[in-house]
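# need a structure here:
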Amino acid sequence: MEPGASFLALADESILVEILLRLPLKSICRFRCVSKEWDGLTKLSYFLDRHRLHSSRCLLLISSSSLAAGISNKKGVGISLLADEETAVSSLSVPFLPKDARWALEFVGSSNGLLCCVTLLKGTRIATVVWNPATDQFNYFPVGLEKRVENATYYRVIIGFDFMHSISAYKLVTVHPCVNPINDPNQLTFQARVFNPSRNSWRVVEPQLELTSCRRFNIHSITVNGVLYWLVEKQTAGDLGWLSFRSVYMMRPSRIHGNHYQEK
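This next block holds a predicted model:
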């Protein structure tokens, strides 16, 4: 290829990138079918990061009251999507659930346009799903919560989710409360596992987190800047990037309410 033609090709690609950056995500997914070059271009990490910065719309996911009722509710699961620039709420289907699904659906957290949720399958099997509502693409992890770590004492676990921009990948972590090695009833031990998307497998994180004089905890958590927080008698933080634990002390409330605490 002549130098002039090479320059024009680079200029054309630069113009194409600027055009694609201003399109909504669903339109970009359709343009991927044009050619292999377009498909590869729109999947590059630098393009995805720039597109995220160009996006001006703020989307809000609204869950209907039917989600809270779970299996006993006669209505199906209902979710809506509201765009910041629009006044009407559009209905949103859940691609990984049947239309008439009446199973419980719990949202764990969201990051970088991805939504992590937990749902009940047939029977009592629990599945973890990472879902992109804008494209309807999702990854399904049926073994994430079914196989408990050794000595785990509770069926429900704490889940952490965040997108790590340093590695351009999401991190999914499950934290299991376990029986401590000395079998002390006044001490809780937590064992964490992290999911590796590239290997499609889970690995156990060492060492375990041991909390003395602690027998109550909350399975609901929040992830901020790669750090997972959940409530016990003292607040505990686990770093999703370095996969380490540390304690953050807080004022203890006079009384803790809720069905998601393990009482003494």
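
# F195 belongs to a strand?
Yes: under DSSP: H, G, I helix; E, B strand; the rest coil, F195 falls within a strand.

# Please name the nearest non-neighbouring residue to it.
L172 (4.1 Å; Cβ to Cβ, 6 or more residues apart in numbering). Heads up, the C-betas are built off the backbone N, CA and C, glycines and all.

# surely that neighbour meets T128?
Yes: under the criterion of Cβ atoms under 8 Å, L172 makes contact with T128 at 6.8 Å.

# Skipping adjacent residues, who's closest to C116 in space?
F161 (3.7 Å).

# What pairs with the helix or strand harbouring the one you found, parallel or antiparallel?
According to DSSP states H and E, F161 maps onto strand 158-164. The strands that strand 158-164 pairs with in its sheet are strand 169-178 (antiparallel) (by DSSP bridges).

# Which secondary structure element is home to the closest residue to R32 other than its chain neighbours?
In this structure, R32 finds its nearest non-sequential neighbour in D39, 4.3 Å apart by Cβ to Cβ, 6+ apart. Assigned by DSSP H and E, D39 belongs to helix 36-41.

# Which parts of that helix count as buried, going by neighbours?
Neighbour-count burial for helix 36-41 flags L41 (criterion: 16 or more other Cβ atoms under 10 Å).

# And that helix, what does it pack against?
Judged by 3 or more Cβ pairs under 8 Å, 6 or more residues apart in numbering; DSSP states H and E, helix 36-41 is in contact with helix 3-20.

# Hmm, N139 and the residue nearest to C116 touching each other?
No: using Cβ under 8 Å, F161 and N139 do not qualify as a contacting pair, with a distance of 11.6 Å.

# the more surrounded of the two?
The residue with more neighbours, out of F161 and N139, is F161; 24 against 17, by other Cβ atoms under 10 Å.

# pLDDT score for the more buried one?
F161 is assigned 84 on the pLDDT scale.

# tell me the domain ranges of the protein?
Following automatic domain parsing, one finds the domains of the chain at 3-54, 148-264.

# that older thread, contacts for the helix holding D39?
Helix 36-41 is contacted from outside by E13, L16, V17, L20, F31, R32, C33, F47, using Cβ atoms under 8 Å, 6 or more residues apart in numbering.

# mean pLDDT for the domains of the chain: which is lowest?
domain 148-264 (a mean of 65).

# ok, back up a step: could you tell me how far the residue nearest to F195 is located from L97?
The spacing between L172 and L97, counted by Cβ to Cβ, to the nearest Å, is 19 Å.

# what does Q208 give?
On the measure of Cβ to Cβ, Q208 and L97 end up 35 Å apart.

# Also D39?
Separation of D39 from L97 (Cβ to Cβ): 28 Å.

# V227 now?
For V227, the distance to L97 equals 30 Å [Cβ to Cβ].

# I158 now?
Using Cβ to Cβ, which is the criterion applied here, I158 is 23 Å from L97.

# So the two - more neighbours on which side?
Each of I158 and L97 has its neighbours counted (other Cβ under 10 Å); I158 has more, 25 against 18.

# check contacts around the more buried one.
T174, V175, H176, P177, F190, F217, I219, S221, L228, W230.

# Just the angle for the helix or strand containing F138 relative to strand 169-178, thanks.
Assigning secondary structure by DSSP H and E places F138 in strand 137-141. Inter-element angle recorded for strand 137-141 and strand 169-178: 30 degrees (by axes from the mean of the first three to the mean of the last three Cα atoms, to 10 degrees).
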